[in-house]
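A.B. asks: Coordinates only, no sequence provided:
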């Protein structure tokens, strides 16, 4: 009887969690992050790119041991990005010490940067969180976090790479320059209208002295 009651309580908690955690509908977009996968690679390509631990966690959904990650006690200002594709996921300002042994955040940079799905593989149901850009397994989200969201994104350290604020600014500047260059090369005005200095002037009207006489009516 007791086990049935506990099981019912767990089911209710999971249902409440699913309603509290923001979701990203299939095909949704928020500015520069479309709902469709941005990065698609074969299993062999991921194995070649990632370390064995990174591969086991992000692609095979395993969990690193508690307090084993180098980012657990990182307090520097910056952004935590996906180790697989580089998508920026969490801001250091949303990071807090949960005492669990894994980097914890109360919110992602944007809700659409994270995908979620129910995970029934553990002792009890949980909500898995993944990178929206490449599908990498990041960890799980729980409802025992601090204000203002009350959520705790419990993330594997090896699933993340830390970017300092200076690195983030450099990346943003590089992307802005590349976009400006692309826009300049595809601007119709820059290709349809040649430079005025190279355009031949319209022909001058003939001089009156050489103009043929108009026929008389």
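C.D. replies: That came in fine, so what should we check first? Keep in mind that what you see is a predicted model, and the values were worked out from it rather than measured.
A.B. asks: so where's the longest helix in this structure?
C.D. replies: helix 165-186 (DSSP state H).
A.B. asks: List the buried residues for it?
C.D. replies: residue 168 (16 or more other C-beta atoms under 10 Å). To be clear about C-beta, it is placed using only N, CA and C from the backbone, and glycine gets the same treatment.
A.B. asks: Contacts for that helix, please.
C.D. replies: 77, 78, 79, 88, 163, 190 (C-beta atoms under 8 Å, 6 or more residues apart in numbering).
A.B. asks: All the strands of this protein, in order from the start?
C.D. replies: 29-30, 33-34, 78-82, 88-91, 95-96, 104-105, 114-119, 126-131, 137-142, 152-155, 160-164 (DSSP state E).
A.B. asks: Compare those strands and give me the one nearest residue 51.
C.D. replies: Ranking these by distance to residue 51, with C-beta to C-beta as the measure, places strand 160-164 first at 11.6 Å.
A.B. asks: got the angle between the closest one and strand 137-142?
C.D. replies: 90 degrees (axes from the mean of the first three to the mean of the last three C-alpha atoms, to 10 degrees).
A.B. asks: so for strand 160-164, what's the average pLDDT?
C.D. replies: Here strand 160-164 scores 97 as its mean pLDDT.
A.B. asks: by how many degrees do that strand and helix 165-186 diverge?
C.D. replies: Angle, strand 160-164 to helix 165-186, by the same axes, to 10 degrees: 90 degrees.
A.B. asks: OK, contacts around residue 140?
C.D. replies: 119, 126, 127, 128, 129, 153, 154 are the contacts of residue 140 under C-beta under 8 Å, 6+ apart.
A.B. asks: can you put these in JSON lines and add pLDDT, neighbour count and distance to residue 186?
C.D. replies: Formatted as JSON lines, these follow (pLDDT from 0 to 100; neighbours: other C-beta atoms under 10 Å; distance: C-beta to C-beta, whole Å):
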{"residue": "119", "pLDDT": "95", "neighbour count": "16", "distance to residue 186": "44"}
{"residue": "126", "pLDDT": "96", "neighbour count": "19", "distance to residue 186": "46"}
{"residue": "127", "pLDDT": "98", "neighbour count": "20", "distance to residue 186": "42"}
{"residue": "128", "pLDDT": "98", "neighbour count": "18", "distance to residue 186": "40"}
{"residue": "129", "pLDDT": "98", "neighbour count": "25", "distance to residue 186": "37"}
{"residue": "153", "pLDDT": "98", "neighbour count": "27", "distance to residue 186": "38"}
{"residue": "154", "pLDDT": "98", "neighbour count": "22", "distance to residue 186": "43"}
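A.B. asks: quick one: which two of those are the most distant?
C.D. replies: The two members of the contacts of residue 140 with the most space between them (C-beta to C-beta) are 119 and 153, at 13.9 Å.
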